[in-house]
Every structure is written in structure tokens, then in C-alpha cells.
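Colleague: I would like to see how this sequence folds:
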Amino acid sequence: MRNKRTLKAKTIELLMDLMRSFVPEDQADTVTKEGTLAQLGRRTYYRNQTTGSIHLGLCYKQVRKEVKRNPNVTVADIRAKNKLG
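Modeller: Presented below is the predicted three-dimensional model:
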């Protein structure tokens, strides 16, 4: 997937579907693009002083990498990889 616009659109679509899967069905229609990006953020790592660097698997950058590797990735694949249930 080399087209940046397509890559970004697919990433945001997956993030929104992922957020919809976390909220109850009656609130799923309130999930927006702006709200999704504000909730998840773009940070990939944060540093914990006792354990060192901890990887955050649920952020824009990580999902974008997954879409780059496999353009046909689904929400179920992302949930399984990040052990989200």
C-alpha cells in the first residue's frame, strides 16, 4: 500500500471500528474521527523508570504499521495481536 492517502484513510477507518467495538452499541454511532484520534493519540512508546521502555500497541502509528504490512488487516487481527479480547 504505497498511496499515503489510502493508507491514512484505512488506518483511521480501522481505529474508528476498533473504538466502536469498545463502546456499547447504542453509543457506537457517536464515535467520530476527531474523537478517535484525540483519545488514542500518536505516541508509540512511553518510558517507565522501573521497567524501561513499554510498547503501546493501540495508537495511530502502530495501526498504520500493521496496515502497511498487511493492507487486508481487520479489527479482529489487531485485537488478537494486542490481546484485547
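Colleague: OK, contacts around the nearest residue to Thr11 once chain neighbours are set aside?
Modeller: In this structure, Thr11 finds its nearest non-sequential neighbour in Arg64, 4.5 Å apart by CB to CB, 6 or more residues apart in numbering. Every C-beta, even on glycine, is put in place using the N, C-alpha and C of the backbone. With contacts taken as CB atoms under 8 Å, 6 or more residues apart in numbering, Arg64 has the following neighbours: 7-8, 11.
Colleague: Buried only: go through those for me.
Modeller: Neighbour-count burial within the contacts of Arg64 applies to Thr11; the criterion is 16 or more other CB atoms under 10 Å.
Colleague: TSV for the contacts of Arg64, including secondary structure, pLDDT and distance to Gly35?
Modeller: Compiled in TSV, the contacts of Arg64 are given as follows (DSSP: H, G, I helix; E, B strand; the rest coil; pLDDT from 0 to 100; distance: CB to CB, whole Å):
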residue	secondary structure	pLDDT	distance to Gly35
Leu7	helix	92	21
Lys8	helix	91	17
Thr11	helix	91	16
